[in-house]
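[1] Quick one, fold the following:
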Amino acid sequence: MDPDAARGTATTPDRHHSEVVLRVNGKPHTLTVDHRSVLLDVLREELDLTGAKKGCDHGQCGACTVLLNGRRVNSCLLLAISLDGCEITTVEGLAGSGGEELHPLQQAFVDRDAFQCGYCTPGQICSAVGALAEAAAGHPSHVTDPSAPSGQPVPLDPDEIRERLSGNLCRCGAYPHIVEAVGDVIR
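    Below you'll find the model as predicted:
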């Protein structure tokens, strides 16, 4: 057996590998991926984008959160082969000006000290970017007032922010500062 194929890094398509084009952080990448490879592993192992973390590998902790076509997803649950042609944004791609200028949420996390060990921070930030977009588009959450007009932007108070980020766990307990950082960006 080809040693590259055994590692899941074949360079040409075969029965267990296919070519996909992923637009990651605005750049197209043509990759030959093992059909069993999840997006998280491709990002970390093939593209050397190590911001998204492997926490639980079951989609329960949020450490692997990235944006897929602008929507937040758990990259540990998505087969890379199913994402041909998709736009993926990782925490590395949020910064503007070639990485010289932090995204407003990244800066707010720094300003509010909204991290301790930092393991969950990339997933928290990508999730917050997605949550802000969802609220702006009028998508309600479990705590959204049922009398709120449908399809209108949802105002984000601390309860709404906590609910929308509840899929992202922080073992260090930096939640109060995370909520404050997100709140700073929406003011």
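[2] switch to C-alpha atoms for all contacts and neighbour counts from now on
    OK.
[3] And the helices in the chain, which stretches?
    In the chain, the helices defined using DSSP state H lie at 3-7, 39-41, 104-112, 121-136, 158-164, 175-186.
[4] so what's His139 up against?
    Residues near His139 by CA atoms under 8 Å, 6 or more residues apart in numbering: 151, 153-154.
[5] export those residues to JSON lines and tack on distance to Cys117 and neighbour count?
    Converted to JSON lines, those look like this (distance: CA to CA, whole Å; neighbours: other CA atoms under 10 Å):
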{"residue": "Gly151", "distance to Cys117": "38", "neighbour count": "12"}
{"residue": "Pro153", "distance to Cys117": "33", "neighbour count": "17"}
{"residue": "Val154", "distance to Cys117": "31", "neighbour count": "21"}
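[6] Which one of the helices of the chain lies nearest to Val73?
    helix 121-136 (8.1 Å; CA to CA).
[7] Poorly predicted segments of the protein, please.
    Applying pLDDT under 70 to the chain flags the ranges 1-11, 97.
[8] tell me, what residue is most central in it?
    Note on the chain: the residue nearest the mean C-alpha position is Val66, at 1.6 Å, using CA atoms, centre = their mean.
[9] isn't that residue right up against Asn74?
    Yes. Shown here, Val66 and Asn74 form a contact pair, counting by CA atoms under 8 Å, at 6.7 Å.
[10] anything in contact with each of the two?
    Listed as contacting both Val66 and Asn74 by CA under 8 Å, 6+ apart is no residue at all.
[11] Identify the residue nearest Gly62 in space, chain neighbours excluded?
    Leaving out its chain neighbours, the residue that sits closest to Gly62 by CA to CA, 6 or more residues apart in numbering is Asn168, at 4.3 Å.
[12] OK, contacts around that neighbour?
    Here Asn168 is in contact with 60-63, 120, 123-124, 127 (CA under 8 Å, 6+ apart).
[13] Going through these, which ones are buried?
    Buried by 16 or more other CA atoms under 10 Å: 61-63, 120, 123-124, 127, out of those.
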